[in-house]
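Novice: attaching a predicted model along with its sequence, questions to come.
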Amino acid sequence: MAEIVLISGLSGAGRSGAADVLEDLGWYVVDNLPTALVDTIVDLAAKPGSEISRLALVGGRDHENVLPKVAKLRADGHRVRLLFLDASTKQLVKRYDATRRRHPLAGEAAGLVESIELERSELDPVRGAADLVIDTTDLNVHQLKDRILHAFDTGTESRLQVAVESFGFKHGLPLDADMVLDVRFLPNPHWDEALRPLTGHDPKVSGYVLETSAGSDFVDRIDELLASLLPQYEAEGRSYLTVAIGCTGGRHRSVAVTEELAARLRARGVAVRAKHLNLAS
């Protein structure tokens, strides 16, 4: 059975922001979902072989159908929580004035304040039945994120997603890199005719690079550095971090070091993926 969070609330109160936080936590998020389609999404998640175990569904305009749908899902055995995002009318007016967006009920009321109050009255039963109500009137995006994390983060895995990527300096720096490490000082397999056709994936190349004193010392030190830095990045609310490892061409040294660092991070429980930008260049 699926674990489901239905996100409801006033327009402009932070529903999409809450959904973004849940997505970073590994939830499968569907935004602006009509209630009639909830069963379809849940059925897809429940199919054998599906990798979807946690669903965060941001409701659409059909507010009157939310509570009957929650009741049905619970009767079917799913664990369902109803999250409601609220904010004062004054604050919502300020947000709409700042973004210059049109309120969804603008065509049904005389003005912005009236639209907000109309939506509030429509959603009052949903708010009353919610498992968790978060008033975002005085919250910034970081404080809202902290509230969502406190309520929904199980703590079973790292929230920080780390990418370790190899590249070649001759191709230019990766645009998405948060940290760049230069390994061009390590022994270069390119100058060994037997190793030149191979890549850093090959044990002969990785051994050539990593089994030297310079190679092993570098990887040990970077591993220690990341072990101390990653919790700090996570504490600051970072969801993604990209560490780029560069050599001249991006085929030998950077690939070997990237794979080794990724393996060490993975062994420590870090959610990490290794990718190679210039391996085929």
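Specialist: Nice, I can see it. Note that the coordinates shown come from a computational prediction; the quantities given were computed from them, not determined experimentally. Numbers count the residues shown, from 1 in each chain.
Novice: so how far is stretch 137-155 off the chain centroid?
Specialist: 14 Å (Cα atoms, centre = their mean, to the nearest Å).
Novice: which residues sit against that stretch?
Specialist: 5, 14, 17-18, 21-22, 25, 27, 83, 86-88, 91, 132, 134, 136, 159, 237 (Cβ atoms under 8 Å, 6 or more residues apart in numbering). From N, CA and C alone the C-beta is placed, and that goes for glycine too.
Novice: ok, now how distant is Asp31 from Leu139?
Specialist: 20 Å (Cβ to Cβ, to the nearest Å).
Novice: which one's more surrounded, the two?
Specialist: Set side by side, Asp31 and Leu139 show more neighbours around Leu139, with 19 against 15, by other Cβ atoms under 10 Å.
Novice: if any of the contacts of stretch 137-155 are buried, put those into a ChimeraX selection.
Specialist: The ChimeraX command for the buried members of these (criterion: 16 or more other Cβ atoms under 10 Å) is given here:
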select :5,14,18,21,22,25,27,83,86,87,91,134,136,159
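Novice: after the helix or strand harbouring Tyr208 comes which helix or strand?
Specialist: Tyr208 is located in helix 203-210, with elements delineated by DSSP states H and E. Sequence order places helix 213-235 as the next helix or strand after helix 203-210, per DSSP H and E.
Novice: what is the neighbour count of Pro34?
Specialist: Counted with other Cβ under 10 Å, Pro34 comes out at 11.
Novice: need phi/psi at it.
Specialist: phi -60, psi 140 (degrees, to the nearest 10).
Novice: and for it, nearest residue in space, chain neighbours not counted?
Specialist: The shortest distance from Pro34 to any non-neighbouring residue, by Cβ to Cβ, 6 or more residues apart in numbering, is to Gly60 (4.7 Å).
Novice: before we move on, what about Phe167?
Specialist: Nearest to Phe167 is Leu277, by Cβ to Cβ, 6+ apart, at 4.4 Å.
Novice: so the one you found makes contact with Ser166?
Specialist: Yes: taking contacts as Cβ atoms under 8 Å, Leu277 lies within contact range of Ser166: 6.5 Å.
Novice: please say which of those two ends up with more neighbours.
Specialist: Neighbour tally, Leu277 and Ser166, criterion other Cβ under 10 Å: the higher count belongs to Ser166, 30 against 20.
Novice: A strand includes the more buried one, no?
Specialist: Yes: assessed with DSSP: H, G, I helix; E, B strand; the rest coil, Ser166 lies in a strand.
Novice: in helices only, show me the contacts of stretch 137-155.
Specialist: Gly17, Ala18, Val21, Leu22, Gln91 (DSSP state H).
Novice: doesn't Leu85 make contact with the second one?
Specialist: Yes: judged on Cβ under 8 Å, Ala18 makes contact with Leu85 at a distance of 6.1 Å.
Novice: please enumerate the shared neighbours of these two.
Specialist: Ile7, Ile134.
Novice: picking that back up, ok, which pair from the ones in helices among the contacts of stretch 137-155 is furthest apart?
Specialist: Based on Cβ to Cβ, the longest span within the ones in helices among the contacts of stretch 137-155 runs between Leu22 and Gln91 and measures 22.6 Å.
Novice: any idea how the protein splits into domains?
Specialist: 3-152, 161-276 (automatic domain parsing).
Novice: mean pLDDT added to the ones you listed, as JSON lines?
Specialist: JSON lines is the format used below for these (pLDDT from 0 to 100):
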{"stretch": "domain 3-152", "mean pLDDT": "89"}
{"stretch": "domain 161-276", "mean pLDDT": "92"}
